[in-house]
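Asks: dropping a prediction and its sequence here:
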Amino acid sequence: YSRDVSRAARTISLEGSKAVINDEIRLLKQSEIRWYFHTDADIAISGNTATLTKDGKTITLTFDAGYNMGTLKISSAQRLNATTEVTDTPVTNYKKLEFVILNASGLVNVKVTAQ
C-alpha cells in the first residue's frame, strides 16, 4: 500500500454485544478503497447494512465511513489478480461482500459493526 497510503491501522474492539472493526487509512492521493468480506452465508444488502444468514443464524454488518459514503455490493469470491496461475483449489460456494469508496482522500475511517 505504500504508494497510496502513508498510514493504515486496524483496531478491533467489543462494545457490549457488538464487535467493531475500525480501519484508519491516511491516503497520499485520491484513491478508491475496497473492503472485502468472504462468506458462504446468504447476503442481503439494505443501504449500508449487510445481513448474513446461515444455518438459521444471522449476523448484521453495518458499514460507516463518515463523509466518505461507500456502497455495498456482492460479487464472486475470486482472486484479485486473475492472470496469476493458481495451483490451489478454486473457491466455490463463497461470495465476496464489498464495501467500495470511490474518490476517497485524506484520512478515511471505515467502521464495521457486527451484531
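Replies: All right, it came through fine. Computed from a predicted structure; not experimentally measured.
Asks: show the contacting residues for the nearest residue to residue 66 once chain neighbours are set aside.
Replies: Closest residue to residue 66 apart from its sequence neighbours, by C-beta to C-beta, 6 or more residues apart in numbering: residue 109 at 5.9 Å. All C-beta atoms are positioned from the backbone trio N, CA, C, and that covers glycine. With contact taken as C-beta atoms under 8 Å, 6 or more residues apart in numbering, residue 109 is in contact with 22, 23, 24, 25, 65, 66.
Asks: tell me, what residue is most central in the chain?
Replies: Closest to where the C-alpha atoms of the chain average out (C-alpha atoms, centre = their mean) is residue 35, at 2.8 Å.
Asks: go ahead and confirm that one touches residue 111.
Replies: No: judged on C-beta atoms under 8 Å, residue 35 makes no contact with residue 111 at a distance of 10.4 Å.
Asks: before we move on, back to that, filter the contacts of residue 109 down to the buried ones.
Replies: Buried residues within the contacts of residue 109, counting neighbours by 16 or more other C-beta atoms under 10 Å: 23, 25, 65.
Asks: in TSV, list those along with secondary structure.
Replies: As requested, those are exported to TSV (DSSP: H, G, I helix; E, B strand; the rest coil):
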residue	secondary structure
23	strand
25	strand
65	coil
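Asks: pipe those into a markdown table and attach distance to residue 58 and pLDDT per row.
Replies: As requested, the buried ones among the contacts of residue 109 are exported to a markdown table (distance: C-beta to C-beta, whole Å; pLDDT from 0 to 100):
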| residue | distance to residue 58 | pLDDT |
| --- | --- | --- |
| 23 | 24 | 96 |
| 25 | 29 | 96 |
| 65 | 23 | 92 |
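Asks: wait, what's in contact with residue 22?
Replies: Counting by C-beta under 8 Å, 6+ apart, residue 22 touches 10, 11, 12, 13, 109, 110, 111, 112.
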